[in-house]
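Novice: okay, here's the prediction I keep looking at, along with the sequence it came from:
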Amino acid sequence: MGILVQKFGGSSMATPARREQVIGHIQEAKAAGYQNVVVVSAMGRRGEPYATDTLLQLVGYGKGMHPRDLDLLMSCGEVIAAAVLVYELAGAGQEAAVLTGGQAGILTDAVHGSARIIEVKPDKILQLLSQGVVPVVAGFQGRTRDGEITTLGRGSGDTSAVALGVALQAEMVEIYTDVDGVMTADPRVEPNARRLETVTYREIAEMAHLGAKVIHPRAVEIAMEGHIPLRIRATGSASPGTLVKGAAGQVEIRGDRVVTGIAHVGGVVQVQLETTADFNRSELGLAIFRCLAEAGISLDMIYVSPRRISFIIEHRWSKQAEEVLREFPVKVQIESGMAKVSAVGAGMRGVPGVMARVVSALQRAGVNIYQTTDSHANISCLVREKDVEAAVHALHSEFQLGRSET
(Lines give C-alpha, C1' and ligand atoms only; values in the text may rest on other atoms or scores of the structure.)
Protein backbone atom coordinates (compact mmCIF):
# COMPACT_ATOMS: atom_id res chain seq x y z
CA MET A 1 0.00 0.00 0.00
CA GLY A 2 1.12 3.55 -0.70
CA ILE A 3 0.31 7.00 0.59
CA LEU A 4 -3.27 8.11 1.20
CA VAL A 5 -4.09 11.80 1.75
CA GLN A 6 -7.24 12.36 3.83
CA LYS A 7 -8.76 15.83 4.05
CA PHE A 8 -11.37 16.66 6.70
CA GLY A 9 -13.52 19.79 6.42
CA GLY A 10 -14.62 22.18 9.15
CA SER A 11 -17.87 20.35 9.90
CA SER A 12 -15.93 17.09 10.34
CA MET A 13 -13.67 18.77 12.92
CA ALA A 14 -16.37 20.73 14.76
CA THR A 15 -17.11 18.54 17.81
CA PRO A 16 -15.39 15.81 19.87
CA ALA A 17 -17.89 13.27 18.51
CA ARG A 18 -17.15 14.26 14.91
CA ARG A 19 -13.39 14.20 15.53
CA GLU A 20 -13.79 10.68 16.95
CA GLN A 21 -15.24 9.70 13.57
CA VAL A 22 -12.26 11.38 11.86
CA ILE A 23 -9.88 9.30 13.99
CA GLY A 24 -11.84 6.20 13.00
CA HIS A 25 -11.25 6.92 9.30
CA ILE A 26 -7.54 7.49 9.94
CA GLN A 27 -7.27 4.22 11.87
CA GLU A 28 -9.13 2.31 9.12
CA ALA A 29 -6.65 3.54 6.51
CA LYS A 30 -3.70 2.64 8.75
CA ALA A 31 -5.14 -0.83 9.28
CA ALA A 32 -5.44 -1.22 5.50
CA GLY A 33 -1.69 -0.59 5.22
CA TYR A 34 -1.70 3.00 4.02
CA GLN A 35 0.68 5.72 5.13
CA ASN A 36 -1.71 8.53 6.07
CA VAL A 37 -1.25 12.22 5.49
CA VAL A 38 -4.10 14.22 7.05
CA VAL A 39 -5.16 17.75 6.06
CA VAL A 40 -7.67 19.67 8.15
CA SER A 41 -9.81 22.80 7.94
CA ALA A 42 -10.62 25.15 10.82
CA MET A 43 -13.09 23.70 13.32
CA GLY A 44 -16.74 24.52 12.72
CA ARG A 45 -18.40 27.38 10.93
CA ARG A 46 -19.44 30.99 11.52
CA GLY A 47 -20.11 31.67 15.21
CA GLU A 48 -18.10 28.74 16.55
CA PRO A 49 -15.03 29.90 18.49
CA TYR A 50 -12.21 28.74 16.19
CA ALA A 51 -13.94 29.04 12.80
CA THR A 52 -12.28 31.31 10.24
CA ASP A 53 -15.30 33.64 10.10
CA THR A 54 -15.21 34.00 13.88
CA LEU A 55 -11.53 34.99 13.77
CA LEU A 56 -12.29 37.49 11.00
CA GLN A 57 -15.11 38.96 13.07
CA LEU A 58 -12.56 39.91 15.74
CA VAL A 59 -11.03 42.44 13.33
CA GLY A 60 -14.16 43.62 11.53
CA TYR A 61 -13.52 41.21 8.64
CA GLY A 62 -10.17 42.83 7.96
CA LYS A 63 -11.31 46.28 6.84
CA GLY A 64 -8.20 48.46 6.86
CA MET A 65 -6.01 45.58 8.00
CA HIS A 66 -2.79 44.81 6.12
CA PRO A 67 -3.27 41.65 3.98
CA ARG A 68 -0.13 40.09 5.46
CA ASP A 69 -1.45 40.47 9.00
CA LEU A 70 -4.89 39.21 7.96
CA ASP A 71 -3.32 36.04 6.53
CA LEU A 72 -1.53 35.44 9.83
CA LEU A 73 -4.86 35.65 11.65
CA MET A 74 -6.80 33.48 9.18
CA SER A 75 -4.14 30.76 9.20
CA CYS A 76 -4.66 30.20 12.95
CA GLY A 77 -7.95 28.28 12.65
CA GLU A 78 -6.41 25.39 10.72
CA VAL A 79 -3.36 25.24 13.00
CA ILE A 80 -5.63 25.00 16.06
CA ALA A 81 -7.65 22.22 14.40
CA ALA A 82 -4.47 20.30 13.51
CA ALA A 83 -3.09 20.59 17.05
CA VAL A 84 -6.36 19.41 18.62
CA LEU A 85 -6.54 16.40 16.30
CA VAL A 86 -2.92 15.45 17.03
CA TYR A 87 -3.67 15.57 20.76
CA GLU A 88 -6.73 13.35 20.32
CA LEU A 89 -4.87 10.92 18.02
CA ALA A 90 -2.25 10.51 20.74
CA GLY A 91 -5.05 9.60 23.15
CA ALA A 92 -6.13 6.91 20.67
CA GLY A 93 -2.59 5.49 20.53
CA GLN A 94 -1.48 7.00 17.22
CA GLU A 95 1.60 9.21 17.14
CA ALA A 96 1.05 12.30 14.97
CA ALA A 97 2.65 15.70 14.38
CA VAL A 98 1.27 19.14 13.52
CA LEU A 99 2.58 20.89 10.41
CA THR A 100 1.62 24.30 9.10
CA GLY A 101 1.17 24.50 5.35
CA GLY A 102 4.63 26.03 5.05
CA GLN A 103 6.24 23.35 7.20
CA ALA A 104 4.55 20.74 5.01
CA GLY A 105 6.41 22.23 2.04
CA ILE A 106 3.63 24.21 0.33
CA LEU A 107 5.31 27.18 -1.34
CA THR A 108 3.15 29.94 -2.82
CA ASP A 109 3.37 33.29 -4.53
CA ALA A 110 3.05 36.44 -2.40
CA VAL A 111 -0.59 37.31 -3.15
CA HIS A 112 -2.01 37.43 0.38
CA GLY A 113 -5.57 36.15 0.70
CA SER A 114 -5.60 34.27 -2.61
CA ALA A 115 -2.09 32.88 -3.06
CA ARG A 116 -1.35 30.25 -5.71
CA ILE A 117 0.75 27.19 -5.02
CA ILE A 118 3.94 27.28 -7.08
CA GLU A 119 5.77 24.28 -5.63
CA VAL A 120 5.41 21.56 -3.00
CA LYS A 121 8.48 20.15 -1.22
CA PRO A 122 7.14 17.41 1.09
CA ASP A 123 10.49 16.43 2.66
CA LYS A 124 9.27 16.88 6.25
CA ILE A 125 6.14 14.82 5.54
CA LEU A 126 8.20 11.97 4.07
CA GLN A 127 10.49 12.06 7.11
CA LEU A 128 7.54 11.73 9.49
CA LEU A 129 5.98 8.92 7.43
CA SER A 130 9.26 6.97 7.54
CA GLN A 131 9.04 7.14 11.36
CA GLY A 132 5.45 5.87 11.45
CA VAL A 133 4.14 9.31 12.44
CA VAL A 134 0.93 10.69 10.90
CA PRO A 135 1.51 14.25 9.62
CA VAL A 136 -1.53 16.45 10.31
CA VAL A 137 -1.30 19.47 8.02
CA ALA A 138 -3.11 22.78 8.43
CA GLY A 139 -4.92 23.29 5.13
CA PHE A 140 -5.74 26.54 3.31
CA GLN A 141 -2.22 27.96 3.72
CA GLY A 142 1.39 27.95 2.63
CA ARG A 143 4.41 30.21 2.74
CA THR A 144 6.41 32.29 0.32
CA ARG A 145 10.07 31.57 -0.42
CA ASP A 146 11.06 34.26 2.10
CA GLY A 147 8.95 32.69 4.85
CA GLU A 148 5.78 34.82 4.82
CA ILE A 149 2.56 32.96 5.69
CA THR A 150 -0.11 33.09 2.98
CA THR A 151 -3.64 31.78 2.60
CA LEU A 152 -5.01 30.25 -0.59
CA GLY A 153 -8.56 31.63 -0.62
CA ARG A 154 -11.75 30.39 1.01
CA GLY A 155 -12.52 26.71 0.59
CA SER A 156 -8.99 25.86 -0.53
CA GLY A 157 -8.21 23.22 2.09
CA ASP A 158 -9.14 20.79 -0.69
CA THR A 159 -6.46 22.41 -2.86
CA SER A 160 -3.83 21.91 -0.15
CA ALA A 161 -4.71 18.23 0.13
CA VAL A 162 -4.64 17.53 -3.59
CA ALA A 163 -1.39 19.46 -4.13
CA LEU A 164 0.24 17.36 -1.39
CA GLY A 165 -1.24 14.21 -2.95
CA VAL A 166 0.33 14.98 -6.31
CA ALA A 167 3.72 15.87 -4.76
CA LEU A 168 3.71 12.66 -2.69
CA GLN A 169 2.49 10.55 -5.63
CA ALA A 170 -0.34 9.34 -3.41
CA GLU A 171 -2.60 6.51 -4.49
CA MET A 172 -5.66 8.64 -3.77
CA VAL A 173 -6.92 11.77 -2.03
CA GLU A 174 -10.05 11.37 0.09
CA ILE A 175 -12.14 14.49 0.72
CA TYR A 176 -14.39 14.06 3.76
CA THR A 177 -17.34 16.40 4.12
CA ASP A 178 -20.91 16.48 5.44
CA VAL A 179 -22.51 15.14 2.24
CA ASP A 180 -22.33 11.60 0.92
CA GLY A 181 -20.36 12.30 -2.23
CA VAL A 182 -21.37 14.18 -5.37
CA MET A 183 -25.13 14.40 -5.84
CA THR A 184 -27.06 14.81 -9.08
CA ALA A 185 -28.42 18.10 -7.65
CA ASP A 186 -28.50 19.96 -4.36
CA PRO A 187 -30.62 17.66 -2.15
CA ARG A 188 -31.96 20.71 -0.29
CA VAL A 189 -33.60 21.76 -3.57
CA GLU A 190 -34.20 18.44 -5.33
CA PRO A 191 -35.51 15.66 -3.02
CA ASN A 192 -34.88 13.00 -5.69
CA ALA A 193 -31.18 13.83 -5.95
CA ARG A 194 -28.99 10.75 -5.63
CA ARG A 195 -25.33 10.03 -5.12
CA LEU A 196 -23.19 9.55 -8.22
CA GLU A 197 -20.86 6.54 -8.05
CA THR A 198 -18.37 8.02 -10.53
CA VAL A 199 -17.76 11.34 -12.25
CA THR A 200 -14.98 12.63 -14.47
CA TYR A 201 -12.62 15.43 -13.50
CA ARG A 202 -14.23 17.58 -16.18
CA GLU A 203 -17.74 17.03 -14.84
CA ILE A 204 -16.93 17.74 -11.20
CA ALA A 205 -14.86 20.80 -12.15
CA GLU A 206 -17.78 22.17 -14.17
CA MET A 207 -20.22 21.48 -11.32
CA ALA A 208 -17.91 23.15 -8.79
CA HIS A 209 -17.47 26.24 -10.97
CA LEU A 210 -21.23 26.39 -11.56
CA GLY A 211 -22.30 26.39 -7.92
CA ALA A 212 -21.91 22.90 -6.44
CA LYS A 213 -20.07 23.31 -3.12
CA VAL A 214 -18.75 19.75 -2.79
CA ILE A 215 -15.09 20.49 -3.72
CA HIS A 216 -12.94 23.47 -4.66
CA PRO A 217 -12.53 23.79 -8.48
CA ARG A 218 -8.77 24.39 -8.24
CA ALA A 219 -8.36 21.11 -6.35
CA VAL A 220 -9.99 19.24 -9.24
CA GLU A 221 -7.72 20.96 -11.76
CA ILE A 222 -4.60 19.94 -9.82
CA ALA A 223 -5.87 16.35 -9.45
CA MET A 224 -6.53 16.17 -13.19
CA GLU A 225 -3.06 17.51 -14.02
CA GLY A 226 -1.45 15.05 -11.60
CA HIS A 227 -3.70 12.07 -12.51
CA ILE A 228 -4.58 11.55 -8.84
CA PRO A 229 -7.99 9.93 -8.22
CA LEU A 230 -10.26 11.61 -5.66
CA ARG A 231 -12.93 10.09 -3.47
CA ILE A 232 -15.52 12.40 -1.91
CA ARG A 233 -17.08 10.84 1.19
CA ALA A 234 -19.22 11.69 4.20
CA THR A 235 -17.46 11.70 7.56
CA GLY A 236 -18.73 8.91 9.79
CA SER A 237 -20.26 6.95 6.91
CA ALA A 238 -19.24 3.57 5.50
CA SER A 239 -20.52 4.64 2.06
CA PRO A 240 -17.82 4.71 -0.65
CA GLY A 241 -19.01 8.15 -1.74
CA THR A 242 -18.12 9.31 -5.26
CA LEU A 243 -14.99 8.40 -7.19
CA VAL A 244 -13.52 11.14 -9.38
CA LYS A 245 -11.08 10.02 -12.08
CA GLY A 246 -10.25 10.58 -15.72
CA ALA A 247 -12.52 9.86 -18.67
CA ALA A 248 -12.00 7.19 -21.29
CA GLY A 249 -10.75 3.91 -19.88
CA GLN A 250 -11.05 5.07 -16.27
CA VAL A 251 -14.62 6.23 -15.72
CA GLU A 252 -17.35 4.85 -17.92
CA ILE A 253 -19.45 7.47 -19.69
CA ARG A 254 -22.71 5.58 -20.09
CA GLY A 255 -24.34 6.02 -23.46
CA ASP A 256 -27.55 7.37 -21.96
CA ARG A 257 -25.87 9.65 -19.40
CA VAL A 258 -25.88 12.84 -21.44
CA VAL A 259 -26.27 14.97 -18.31
CA THR A 260 -24.62 13.99 -15.02
CA GLY A 261 -25.95 16.63 -12.65
CA ILE A 262 -27.69 19.96 -12.17
CA ALA A 263 -25.86 22.85 -10.47
CA HIS A 264 -27.11 26.29 -9.55
CA VAL A 265 -25.86 29.54 -8.10
CA GLY A 266 -27.95 32.51 -6.97
CA GLY A 267 -27.24 36.05 -5.89
CA VAL A 268 -26.34 37.37 -9.34
CA VAL A 269 -27.48 40.34 -11.39
CA GLN A 270 -27.77 40.69 -15.15
CA VAL A 271 -26.19 43.77 -16.72
CA GLN A 272 -27.31 44.81 -20.22
CA LEU A 273 -25.64 47.59 -22.19
CA GLU A 274 -27.02 49.13 -25.37
CA THR A 275 -25.50 51.76 -27.65
CA THR A 276 -26.14 53.38 -31.01
CA ALA A 277 -22.45 52.95 -31.79
CA ASP A 278 -21.04 49.69 -33.13
CA PHE A 279 -19.07 47.79 -30.50
CA ASN A 280 -17.15 46.09 -33.32
CA ARG A 281 -16.10 49.33 -35.06
CA SER A 282 -15.18 51.29 -31.94
CA GLU A 283 -13.08 50.56 -28.87
CA LEU A 284 -16.04 51.18 -26.59
CA GLY A 285 -16.55 47.52 -25.67
CA LEU A 286 -12.85 47.04 -24.98
CA ALA A 287 -12.77 50.16 -22.79
CA ILE A 288 -15.78 48.93 -20.79
CA PHE A 289 -14.27 45.50 -20.19
CA ARG A 290 -10.94 47.02 -19.16
CA CYS A 291 -12.51 49.41 -16.65
CA LEU A 292 -14.62 46.63 -15.11
CA ALA A 293 -11.49 44.49 -14.81
CA GLU A 294 -9.54 47.31 -13.16
CA ALA A 295 -12.38 47.63 -10.63
CA GLY A 296 -11.92 43.94 -9.77
CA ILE A 297 -15.34 42.92 -11.11
CA SER A 298 -15.50 39.41 -12.57
CA LEU A 299 -17.94 38.86 -15.46
CA ASP A 300 -19.76 35.68 -16.46
CA MET A 301 -22.21 34.60 -19.20
CA ILE A 302 -20.82 37.30 -21.49
CA TYR A 303 -22.72 38.08 -24.71
CA VAL A 304 -21.49 40.65 -27.27
CA SER A 305 -23.25 41.83 -30.42
CA PRO A 306 -22.68 45.02 -32.49
CA ARG A 307 -25.00 47.15 -30.33
CA ARG A 308 -25.56 45.11 -27.19
CA ILE A 309 -23.43 43.60 -24.43
CA SER A 310 -24.81 41.56 -21.56
CA PHE A 311 -23.21 39.67 -18.71
CA ILE A 312 -23.83 38.66 -15.12
CA ILE A 313 -21.93 39.61 -11.95
CA GLU A 314 -22.25 38.84 -8.26
CA HIS A 315 -24.83 41.02 -6.54
CA ARG A 316 -22.20 42.59 -4.26
CA TRP A 317 -20.57 44.23 -7.28
CA SER A 318 -23.71 45.82 -8.75
CA LYS A 319 -23.27 49.32 -7.29
CA GLN A 320 -19.61 49.46 -8.20
CA ALA A 321 -20.38 48.27 -11.74
CA GLU A 322 -23.06 50.94 -12.06
CA GLU A 323 -20.52 53.61 -11.09
CA VAL A 324 -17.98 52.35 -13.63
CA LEU A 325 -20.54 52.16 -16.45
CA ARG A 326 -21.84 55.67 -15.74
CA GLU A 327 -18.73 57.02 -17.50
CA PHE A 328 -19.66 55.46 -20.86
CA PRO A 329 -22.21 56.49 -23.54
CA VAL A 330 -24.38 53.39 -23.09
CA LYS A 331 -27.86 52.65 -21.81
CA VAL A 332 -27.44 50.49 -18.69
CA GLN A 333 -30.05 48.08 -17.37
CA ILE A 334 -29.25 46.12 -14.19
CA GLU A 335 -31.63 43.32 -13.24
CA SER A 336 -31.22 41.81 -9.77
CA GLY A 337 -32.74 38.62 -8.31
CA MET A 338 -31.26 36.31 -10.95
CA ALA A 339 -29.68 32.85 -10.76
CA LYS A 340 -27.74 30.54 -13.04
CA VAL A 341 -28.97 26.95 -13.42
CA SER A 342 -26.73 24.51 -15.31
CA ALA A 343 -27.03 21.03 -16.78
CA VAL A 344 -23.57 19.40 -16.61
CA GLY A 345 -22.32 16.28 -18.35
CA ALA A 346 -19.27 15.19 -20.32
CA GLY A 347 -21.60 12.98 -22.36
CA MET A 348 -23.38 15.91 -24.04
CA ARG A 349 -20.48 16.73 -26.34
CA GLY A 350 -21.55 16.24 -29.95
CA VAL A 351 -25.03 15.05 -28.98
CA PRO A 352 -27.77 16.95 -30.86
CA GLY A 353 -30.94 18.06 -29.12
CA VAL A 354 -29.65 18.65 -25.57
CA MET A 355 -30.41 22.38 -25.74
CA ALA A 356 -33.89 21.66 -27.09
CA ARG A 357 -34.57 19.37 -24.12
CA VAL A 358 -33.32 22.02 -21.67
CA VAL A 359 -35.52 24.74 -23.16
CA SER A 360 -38.53 22.44 -23.44
CA ALA A 361 -38.24 21.30 -19.81
CA LEU A 362 -37.97 24.86 -18.50
CA GLN A 363 -40.87 26.07 -20.65
CA ARG A 364 -43.10 23.27 -19.36
CA ALA A 365 -42.20 24.33 -15.82
CA GLY A 366 -43.07 27.95 -16.57
CA VAL A 367 -39.47 29.11 -16.12
CA ASN A 368 -38.36 32.02 -18.31
CA ILE A 369 -34.82 31.99 -19.75
CA TYR A 370 -33.05 35.37 -19.93
CA GLN A 371 -29.65 34.30 -21.27
CA THR A 372 -27.67 31.14 -22.00
CA THR A 373 -24.09 29.98 -22.33
CA ASP A 374 -22.67 26.55 -23.07
CA SER A 375 -19.51 24.52 -23.37
CA HIS A 376 -18.75 20.92 -24.34
CA ALA A 377 -19.79 19.87 -20.83
CA ASN A 378 -22.53 22.25 -19.68
CA ILE A 379 -25.52 24.33 -20.70
CA SER A 380 -26.27 27.23 -18.35
CA CYS A 381 -29.47 29.26 -18.25
CA LEU A 382 -30.07 32.57 -16.50
CA VAL A 383 -33.42 32.49 -14.69
CA ARG A 384 -35.21 34.38 -11.93
CA GLU A 385 -33.95 33.39 -8.49
CA LYS A 386 -37.53 32.62 -7.43
CA ASP A 387 -37.68 30.00 -10.22
CA VAL A 388 -34.52 28.09 -9.22
CA GLU A 389 -36.34 25.24 -7.49
CA ALA A 390 -38.74 24.74 -10.41
CA ALA A 391 -35.84 24.87 -12.88
CA VAL A 392 -33.76 22.30 -10.97
CA HIS A 393 -36.77 19.97 -10.63
CA ALA A 394 -37.56 20.28 -14.34
CA LEU A 395 -34.04 19.53 -15.56
CA HIS A 396 -33.44 16.76 -13.03
CA SER A 397 -36.65 15.08 -14.21
CA GLU A 398 -36.03 15.68 -17.93
CA PHE A 399 -32.66 13.91 -17.84
CA GLN A 400 -33.92 11.18 -15.46
CA LEU A 401 -31.19 11.87 -12.92
CA GLY A 402 -33.16 10.27 -10.10
CA ARG A 403 -32.79 6.91 -11.85
CA SER A 404 -30.07 4.59 -10.54
CA GLU A 405 -26.97 4.18 -12.73
CA THR A 406 -27.21 0.42 -12.28
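Specialist: Arrived safely. Nothing here was measured: the structure is a model prediction, and the numbers come from that model. Residues are numbered from 1 along each chain as shown.
Novice: now tell me what touches stretch 285-304 from outside.
Specialist: 268, 273, 279, 309-314, 317, 320-321, 324-325, 327-328, 330, 340, 371-373, 380, 382 (CB atoms under 8 Å, 6 or more residues apart in numbering). For every residue, glycine as well, the C-beta is placed using N, CA and C.
Novice: residues in contact with the most centrally placed residue in the chain?
Specialist: The residue lying closest to the centre of the chain (CA atoms, centre = their mean) is His216, at 2.3 Å. Contact analysis of His216 by CB under 8 Å, 6+ apart lists 155-159, 208.
Novice: just the closest of those to Tyr61, please.
Specialist: Gly155 (16.7 Å; CB to CB).
Novice: chain neighbours aside, what residue packs nearest to the closest one?
Specialist: For Gly155, ignoring the flanking residues on the chain, the nearest one in space by CB to CB, 6 or more residues apart in numbering is His216 at 4.8 Å.
Novice: separation between the one you found and Ala361?
Specialist: Per CB to CB, to the nearest Å, His216 is found 30 Å from Ala361.
Novice: helices along this protein, start to end?
Specialist: Secondary structure of the chain (DSSP state H): helices located at 16-31, 52-57, 67-74, 76-91, 123-130, 157-167, 201-209, 217-226, 284-294, 318-325, 354-364, 388-398.
Novice: show me which positions of the second one end up buried.
Specialist: In other words, helix 52-57. Buried positions in helix 52-57, judged by neighbour count with 16 or more other CB atoms under 10 Å: 52-56.
Novice: I'd like those laid out as TSV, including pLDDT.
Specialist: Output for the buried residues of helix 52-57, formatted as TSV (pLDDT from 0 to 100):
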residue	pLDDT
Thr52	90
Asp53	90
Thr54	91
Leu55	91
Leu56	90
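Novice: so where's this protein shaky on pLDDT?
Specialist: The model of the chain has pLDDT under 70 over residues 247-256, 404-406.
Novice: domain ranges for it?
Specialist: 3-178, 261-398 (automatic domain parsing).
Novice: out of these, the one nearest Thr235 is which?
Specialist: Across these, Thr235 has its closest neighbour in domain 3-178 (4.0 Å, CB to CB).
Novice: which of the helices of the chain sits most buried?
Specialist: Across the helices of the chain, averaging neighbours per residue (mean count of other CB atoms under 10 Å) puts helix 157-167 on top, at a mean of 28.
Novice: thinking again about what came up before, which one of the helices of the chain lies closest to Ser237?
Specialist: Of the helices of the chain, nearest to Ser237 by CB to CB is helix 16-31, at 8.8 Å.
Novice: show me what the closest one is packed up against.
Specialist: Counting contacts by 3 or more CB pairs under 8 Å, 6 or more residues apart in numbering; DSSP states H and E, helix 16-31 packs against strand 3-8, strand 35-40, helix 76-91, strand 172-177.
Novice: so can I have TSV of these showing distance to Lys63?
Specialist: Formatted as TSV, the helices and strands packed on helix 16-31 follow (distance: least, CB to CB, whole Å):
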stretch	distance to Lys63
strand 3-8	31
strand 35-40	28
helix 76-91	19
strand 172-177	31
